[in-house]
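Participant: Next comes the sequence, and after it the predicted model I'd like to discuss.
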Amino acid sequence: MSEAPPLSRAEIDNAIKLLTAVEKTKIMKIAAQYAPMTPYGDKDLFQEACLRAMDGRRKWPRALLATTFFWQVMRSIAWEWKRKGDDPLDEDIGDKGAGERTLLNRIYAMEIIKAFDDDPIAQNILVARMKGARGEELRKLSGLSPKDYESKIKNIRRRIEKLLAEKK
């Protein structure tokens with residue numbers, strides 16, 4: 001049994017155009033979570049994910065939901081940019097604003113961490129995540145049980161979403 005081919009460029013273009021408001025909101029929430037680890041904003045991260053899908057660098061499996069696809073692609077891009085430690089646009093167009101964006105993202109990250117001054121466990125989770133810890137490693141660093149950890153992560157997400165909404 002052969003695997004179905006990935007979506008074509010036209011199908012990807014159509015899928016992006018047909019994203020529902022709920023899907024767009026979910027995707028942008030995901031982008032907002034990964035953007036602080038890059039020199040870019042959430043919209044830039046989403047646009048880069050779209051570009052990589054459209055130009056074929058990222059294949060979109062037919063069975064994969066749009067939100068899952070973009071979550072995987074944006075996470076990958078964010079880690080790539082973080083590992084590089086540079087601004088890919090600098091080479092292409094001499095982007096003079098890259099340093100300012102990096103500084104703004106650091107300030108933004110510090111604002112998020114400061115917003116959790118009343119919750120040192122959440123703060124530790126956020127700092128460890130920004131430094132690259134993931135999954136079970138994060139849970140162990142938190143010292144929480146799996147159930148308590150999941151609850152803490154949900155609370156962190158809600159508070160960050162609220163902070164983002166207040167900034168708009």
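Facilitator: Looks like it arrived, so ask away.
Participant: And the pLDDT for L45?
Facilitator: pLDDT, L45: 90.
Participant: so who does the closest residue to D117 other than its chain neighbours touch?
Facilitator: Spatial nearest neighbour of D117, excluding adjacent residues (Cβ to Cβ, 6 or more residues apart in numbering): Q123 at 7.1 Å. Using the backbone N, CA and C atoms, a C-beta is placed for each residue, glycine as well. Residues in contact with Q123 (Cβ atoms under 8 Å, 6 or more residues apart in numbering) are I113, F116, D117.
Participant: Can you pull the phi/psi pair for G143?
Facilitator: Backbone torsions of G143, given as degrees, to the nearest 10, read phi 80, psi 10.
Participant: Please disregard the earlier target; I meant Y40.
Facilitator: Main-chain dihedrals, Y40, degrees, to the nearest 10: phi -120, psi 170.
Participant: Relative to Y34, how far out is it?
Facilitator: Computed with Cβ to Cβ, to the nearest Å, the distance linking Y40 and Y34 is 10 Å.
Participant: before we move on, what about L65?
Facilitator: 18 Å.
Participant: With A66 instead?
Facilitator: In terms of Cβ to Cβ, A66 sits 16 Å off from Y34.
Participant: got it, and M28?
Facilitator: Where Y34 is concerned, M28 sits at a distance of 11 Å (Cβ to Cβ).
Participant: Give me the common contacts of those two.
Facilitator: Listed contacts common to M28 and Y34 are D42; contacts here mean Cβ under 8 Å, 6+ apart.
Participant: sorry, back to before: the more surrounded of Y40 and Y34?
Facilitator: Taking neighbours as other Cβ atoms under 10 Å, Y40 and Y34 compare with Y40 leading, 25 against 22.
Participant: Surely that one is in contact with W81?
Facilitator: Yes - with contact defined as Cβ atoms under 8 Å, Y40 reaches W81; the gap is 7.2 Å.
Participant: Now do the contacts for A4.
Facilitator: P61, R62, A63.
Participant: May I see the buried residues of the longest helix seen in the chain?
Facilitator: Counting by DSSP state H, the longest helix found in the chain is helix 146-167. Buried residues in helix 146-167, counted by 16 or more other Cβ atoms under 10 Å: Y149, K152, I153, I156, I160, L164.
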